[in-house]
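Chemist: Model the structure of this input:
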Amino acid sequence: MSARVVAIVGSYRESGATELAVAAVLEGARAKGATTQTIRLSECPIEFCANCRQCTQAPGGERGRCRQHDGLEQILAAVESADAIVLASPVNYYNVTALFRRFLERLLGYVYWPWGQNGPTLRCKLQPRKAVLVASAGMPGFLIPLATGAARALRLAARMLGAKPVGQLWIGLAAGKPQPTLPARTLKRARRLGMMLA
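Modeler: Here you go, the predicted structure:
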């Protein structure tokens, strides 16, 4: 049976560096026989977290359900049926985009945090799926995990979604022109990472 890989993309532009990198990762996964799906958060009706914590109150390993009925449930169902995920966002103002941050905050149902308990507890510590993390920025790529919160946000999202990162792709100097292109070596690395997910 072929692996199923789902990409969650927090980019505002389909033609941006982040999208190009994700497309290459998924191309690599398909080359190894995987089926792939791309979910663009810019196209999904997701509301902001209301911070009511209703989704955190019931005990147990099952994800708590949000009281808001929007596109989140469909996204999480796709992720939970996947063998691997790609989590991707450009860096805006030293962190993931507001689109990705809104999605991240809505993952609260993966923790148990009843009233009276000082902090949340992850409902399930198992990590049955693999993840590749992708971020692009105007700064040099090596600075993304050092000078921004993007890498930490992507890792947190992976943890909440039960995924263990097996690779990351930090793309730097991506803001030099309106229609970015990626160097051949970056595309090759992206495809290799995708093959690791299949």
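Chemist: any idea where the helices of this protein begin and end?
Modeler: Remark: helices assigned in the chain by DSSP state H are 17-31, 72-80, 98-105, 144-147, 150-160, 184-197.
Chemist: Deepest in the core, which of these is it.
Modeler: helix 17-31 (a mean of 23; mean count of other CB atoms under 10 Å). For the C-beta atoms, the positions are set from N, CA and C on the backbone; glycine is no exception.
Chemist: Extract the C-alpha trace of it and format it as CSV.
Modeler: Listed next in CSV are the C-alpha coordinates belonging to helix 17-31 (Å, rounded to 0.1, in the frame of the first residue of the first chain):
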residue,chain,number,x,y,z
ALA,A,17,9.4,30.0,-2.8
THR,A,18,7.6,28.0,-0.1
GLU,A,19,5.0,26.6,-2.6
LEU,A,20,7.8,25.7,-5.0
ALA,A,21,9.7,23.9,-2.3
VAL,A,22,6.6,22.0,-1.2
ALA,A,23,5.8,21.0,-4.8
ALA,A,24,9.3,19.5,-5.1
VAL,A,25,9.0,17.6,-1.8
LEU,A,26,5.7,16.1,-2.9
GLU,A,27,7.2,15.3,-6.3
GLY,A,28,9.9,13.3,-4.5
ALA,A,29,7.2,11.5,-2.5
ARG,A,30,5.2,10.6,-5.6
ALA,A,31,8.4,9.3,-7.3
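Chemist: 247 is where my numbering starts, stick with that
Modeler: Yes, from this point I'll number from 247; that puts the last item at helix 263-277.
Chemist: Show the average pLDDT along that helix.
Modeler: For helix 263-277, the mean per-residue pLDDT is 96.
Chemist: Counting by contacts, list what it packs against.
Modeler: If you count contacts as 3 or more CB pairs under 8 Å, 6 or more residues apart in numbering; DSSP states H and E, helix 263-277 packs onto strand 250-255, strand 281-286, strand 330-338, strand 375-382, strand 409-417, helix 430-443.
Chemist: Please name the residues that touch the closest residue to Glu351 other than its chain neighbours.
Modeler: Nearest residue to Glu351 in three dimensions, chain neighbours excluded: Cys295, at 4.2 Å (CB to CB, 6 or more residues apart in numbering). Cys295 makes contact with 348, 351-352, 354, according to CB atoms under 8 Å, 6 or more residues apart in numbering.
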